[in-house]
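Undergrad: build the 3D model from these lines:
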Amino acid sequence: MKKILASLVACTGLLVSAQSTAADIELKLAHTWPKGFPIFGTSVDDYATMVSEMSDGRIEIQVDSRNKHKSAFGIFDFVKNGQYDIGQSASYYYGGKEPDALFFTTMPFGMTALEQYAWFHEGGGLELANKVFAKHNIEVMTGGNTTMQMGGWFRKEINSVDDLKGLKMRIPGFGGKVMAGVGAVPTNIPPGELYQALERGTIDALEWVGPSLDLRMGFHKIAPFYYTGWHEPSTELMYFFNKKKMDSLPQWARSVLLNAAKLTGFNMTVQSQHESAENWASIKAEYPNVVVKNFPAEVIEALRASNDALIESERARSPLAAEIVDSQASYLTKVRRWTEIGDWSYLANVAKTQ
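TA: The predicted structure is shown next:
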């Protein structure tokens, strides 16, 4: 966090110092994760510290974890109703309250983390997200990406589409809808209850994140088959701000809160990538029973067909949903061409020879 904080603090400090008569601002923030939860939860603590430093102590944020507010998936309502001023969570947890919220975490077979960040901040994605959440008295900002997620932990090997039928799996968001389309039974369970649900047989499989967080959770002790990803190529967390509260703040304070969220998101993304690399390097030695697999081509094609059908139904659901779907599709087509000639060509033709 300290690496690029100084320059941003200096720039923001010019705004803050000009507001010599500004009163102290005290805000409350709730997040989805247990207290001290690695990467996801600790990044929120870093956010509160960064806001205090950037505002020279004029903005102080009280951070409440799930341990305090007792509702892992209550963040949307907390912020919407003004119980909390700020929240941090994944927007796809709230598809039942706002169907269009599903689009802004990640989409199966969609953009990678860097591609999606470009869409959010240069391709109109953040404007569309705020168009959706404004209906609920919420303003949003990107808050950190897990990068590519793994496809999940399974008790049994998946050899065909038939193996997914009736499979009880923790998988939220659009990915869960896609799995339902091939016969699986998706469910959503808070992070702190995942191991217990798997151990007790409440679920047969689960996806969580990737090596950055999965290996320490112990899932491999029960479900040793670890499949590569398809459903969440760029999972973005978000900061939710009560819009009425934000509109009441001076511009310098709004700037601090939004820019600190964006910067915290960058730091969390870097940490996710680093921790995944570190943990993957040790997987064979420390977790020898883990069997890393790719889903069979038959399964991937069935999932893709389910996804395509769902996308078309989403387009027909509302004009705003169609606008979001078309924006993502158009941007993916454009940005992927550069990813292919840039990153993929490098990895295929240059990096492998080193």
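Undergrad: which ones are touching Val51?
TA: If you count contacts by C-beta atoms under 8 Å, 6 or more residues apart in numbering, Val51 has them with Ile59, Glu60, Ile61, Val256, Leu257, Ala260. Quick note: C-beta positions are derived from backbone N, CA and C, even for glycine.
Undergrad: give me the distance between Gly82 and Ala30.
TA: 12 Å (C-beta to C-beta, to the nearest Å).
Undergrad: export the contacts of Val51 as a markdown table, with columns for pLDDT.
TA: Converted to a markdown table, the contacts of Val51 look like this (pLDDT from 0 to 100):
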| residue | pLDDT |
| --- | --- |
| Ile59 | 98 |
| Glu60 | 97 |
| Ile61 | 98 |
| Val256 | 98 |
| Leu257 | 98 |
| Ala260 | 98 |
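Undergrad: residues contacting Leu27?
TA: Ile59, Glu60, Ile61, Gln62, Asp85, Ile86, Lys245.
Undergrad: where along this protein do the helices fall?
TA: Per DSSP state H, the chain carries helices over the ranges 2-17, 40-54, 66-69, 75-80, 113-122, 125-133, 173-181, 194-200, 243-248, 251-281, 283-286, 297-317, 319-339, 345-349.
Undergrad: just so I know, which of those lies nearest Phe104?
TA: Taking C-beta to C-beta, helix 125-133 is the member of the helices of the chain nearest to Phe104, at 4.7 Å.
Undergrad: how about that closest one, which residues are buried there?
TA: Neighbour counts over helix 125-133 (16 or more other C-beta atoms under 10 Å) mark Gly125, Leu126, Leu128, Ala129, Val132, Phe133 as buried.
Undergrad: next: stretch 132-151.
TA: Residues 132-133, 136-151 are the ones in stretch 132-151 that count as buried (16+ other C-beta under 10 Å).
Undergrad: contact partners of stretch 298-310?
TA: With contacts defined as C-beta under 8 Å, 6+ apart, stretch 298-310 is touched by 108-109, 158, 160-161, 164, 174, 177-179, 181-182, 230-231, 295.
Undergrad: give me the buried entries from these.
TA: 108-109, 158, 161, 164, 174, 177-179, 181-182, 230-231, 295.
Undergrad: closest to Arg315 among those?
TA: For these, the closest approach to Arg315 (C-beta to C-beta) belongs to Phe174, at 13.2 Å.
Undergrad: what sits against that closest one?
TA: Applying C-beta under 8 Å, 6+ apart to Phe174 gives the contacts Tyr92, Leu102, Phe103, Thr106, Met107, Pro108, His231, Asn307, Leu310.
Undergrad: so which of Gly82 and Ala30 has more stuff around it?
TA: The residue with more neighbours, out of Gly82 and Ala30, is Ala30; 26 against 13, by other C-beta atoms under 10 Å.
Undergrad: skipping its backbone neighbours, what lies nearest that one in space?
TA: Leaving out its chain neighbours, the residue that sits closest to Ala30 by C-beta to C-beta, 6 or more residues apart in numbering is Tyr84, at 4.4 Å.
Undergrad: from memory that neighbour sits against Lys245, does it?
TA: No - taking contacts as C-beta atoms under 8 Å, Tyr84 lies outside contact range of Lys245: 9.5 Å.
Undergrad: Val132 reaches Gly95, doesn't it?
TA: No - Val132 is beyond contact range of Gly95, at 11.3 Å (criterion: C-beta under 8 Å).
Undergrad: shared neighbours, the two?
TA: By C-beta under 8 Å, 6+ apart, the residues touching both Val132 and Gly95 are Ala101.
Undergrad: can you list the contacts of Phe174 in JSON lines and add pLDDT and distance to Ile75?
TA: Listed next are the contacts of Phe174 as JSON lines, based on pLDDT from 0 to 100; distance: C-beta to C-beta, whole Å:
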{"residue": "Tyr92", "pLDDT": "97", "distance to Ile75": "12"}
{"residue": "Leu102", "pLDDT": "97", "distance to Ile75": "15"}
{"residue": "Phe103", "pLDDT": "98", "distance to Ile75": "18"}
{"residue": "Thr106", "pLDDT": "98", "distance to Ile75": "18"}
{"residue": "Met107", "pLDDT": "98", "distance to Ile75": "21"}
{"residue": "Pro108", "pLDDT": "98", "distance to Ile75": "23"}
{"residue": "His231", "pLDDT": "98", "distance to Ile75": "22"}
{"residue": "Asn307", "pLDDT": "98", "distance to Ile75": "27"}
{"residue": "Leu310", "pLDDT": "97", "distance to Ile75": "25"}
